[in-house]
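Visitor: Got a predicted structure here, sequence first:
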Amino acid sequence: MAVVFRTCKSLSKNAIFTRGISSSLRLHSQKPPTPPEPLVNVDVDDKSGVAVVTLNRPPVNSLNTPLLSELKNIIKGLEDNKSRGMILTSSSETVFSAGLDLMEMYNAPKDKLSAFWTTLQSTWLALYRSSFPTVAAINGHAPAGGCLLSLSCEYRVMVGPKFSIGLNETQLGIVAPPWFVICMRDVLGHRQTEMALTSGRMFSAPEALKLGLIDAMVTNKAEAITEAQKFIAQFAKIPPLARKLTKESVRQEGIKYMEDNMIDDLQMFMDLVTQEKIQKGIGLYLASLKKK
Ligand SMILES: CCCCC/C=C\CCC/C=C/CC(=O)SCCNC(=O)CCNC(=O)[C@H](O)C(C)(C)COP(=O)(O)OP(=O)(O)OC[C@H]1O[C@@H](n2cnc3c(N)ncnc32)[C@H](O)[C@@H]1OP(=O)(O)O
């Protein structure tokens with residue numbers, strides 16, 4: 001897997017920033033400061049043109065505004081570079097993504113809360129409607145927002161059997177927004193979505209496979225990447241424009257929902273999440289996670 005420097009340069013603002021800083025600082029000091037790790041890494045394979053995009057926010061890849069923003073920029077960069085495909089995975093050995101960063105929603109000032117949600121909306125839309133094939137190589141737990149990212153890809157390969165996936169919002173006393181529901185219904189159908197979402201159930205990888213929530217189960221990350229590459233390779237001979245327009249047509253409900261309801265959706269989020277009862281619930285949940 002080779003990193004195409006030209007592509008990375010245009011994809012990761014962070015990469016340009018750190019290169020610039022470290023080379024200029026080297027003139028003045030012996031020890032340049034260690035550049036910050038990007039929150040999302042991207043490696044583009046020269047031969048296939050497929051990008052492996054790796055979430056890299058230890059310990060659990062919780063989705064905060066900077067990470068979402070970086071992911072969105074990478075997806076846009078891949079679009080601009082007419083990418084052949086994208087595999088989304090995690091640098092953690094046990095967690096794909098713990099979902100939305102609860103700290104972003106807990107006692108947050110309204111402007112930050114609003115920036116967080118609008119970044120989530122636009123990042124989701126960029127991923128969901130991306131023209132290139134997308135696969136989630138789910139190499140760890142994928143609750144809530146982690147499951148949403150997976151569902152927004154076209155194919156899901158999960159490392160099993162011990163990791164779990166699902167939209168568990170109701171268990172937390174919060175509500176999965178309509179576009180989360182559309183994503184789940186795209187994949188599972190109406191009845192299974194209702195059952196899964198009203199209970200907030202998390203599924204083990206074998207359960208998810210049986211239900212169709214994931215498409216394949218493998219035993220490690222390398223196998224997951226190989227399976228993902230195989231899925232993407234089948235589109236090599238399909239004209240990209242026909243593929244893109246077909247994907248948009250199939251996903252029209254979700255795309256249209258978001259385009260038409262961005263402001264209402266933001267308002268619903270703000271109204272719900274700022275309620276005292278909800279804030280208390282998030283606080284208790286965070287405390288229970290920290291106590292473990
Ligand atoms: C109809 C109108 C609707 C309008 C909209 C309204 C409402 C809003 C909808 C909001 C939707 C939200 C979707 C979400 O994604 S909410 C987030 C849900 N996520 C979870 O429930 C997962 C919680 N985490 C876990 O279960 C576990 O951490 C794990 C992923 C299984 C990994 O376990 P483990 O490896 O054992 O790691 P720890 O549990 O010890 O965690 C390490 C560390 O990380 C902190 N942490 C974990 N998850 C989160 C998180 N999501 N956000 C922030 N921080 C998190 C955890 O507290 C530990 O911190 P310390 O190291 O400080 O102890």
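Guide: Good, I have the coordinates.

Visitor: Up against the ligand, what does this structure have?
Guide: 59-60, 62, 94-95, 98-103, 141, 143-145, 168-169, 172, 174-175, 177, 268-269, 272-273, 286, 289-290, 292 (CB under 6 Å from any ligand atom). Every C-beta, even on glycine, is put in place using the N, C-alpha and C of the backbone.

Visitor: Need the buried ones from those residues selected in PyMOL.
Guide: To isolate the buried ones among the residues of the chain next to the ligand in PyMOL, judged by 16 or more other CB atoms under 10 Å, type:
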select buried, resi 60+62+95+98+99+100+101+102+141+143+144+145+168+169+172+174+175+177+269+273
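
Visitor: Which of the residues of the chain next to the ligand fall in helices?
Guide: 102-103, 145, 268-269, 272-273, 286, 289-290 (DSSP state H).

Visitor: where does the nearest residue to residue 257 once chain neighbours are set aside fall, helix, sheet strand or coil?
Guide: Leaving aside its chain neighbours, residue 257 sits nearest to residue 179 (5.6 Å; criterion: CB to CB, 6 or more residues apart in numbering). Here residue 179 is recorded as helix under DSSP: H, G, I helix; E, B strand; the rest coil.

Visitor: got a list of what the residue in the stretch 151-292 of the chain that the ligand sits nearest to touches?
Guide: Residue nearest to the ligand within the stretch 151-292 of the chain (CB to the nearest ligand atom): residue 289, separated by 3.5 Å. By CB atoms under 8 Å, 6 or more residues apart in numbering, the contact set of residue 289 is residue 102.

Visitor: Also residue 156?
Guide: Applying CB under 8 Å, 6+ apart, we find residue 156 in contact with 135-136, 138, 150, 213-216.

Visitor: try 6 Å
Guide: Residues in contact with residue 156, defined by CB atoms under 6 Å, 6 or more residues apart in numbering, are 136, 150, 214-215.

Visitor: now the strands for the stretch 51-200 of the chain?
Guide: For the stretch 51-200 of the chain, the strands defined by DSSP state E, counting those that start in this stretch cover 85-90, 134-138, 142-143, 155-159, 164-166.
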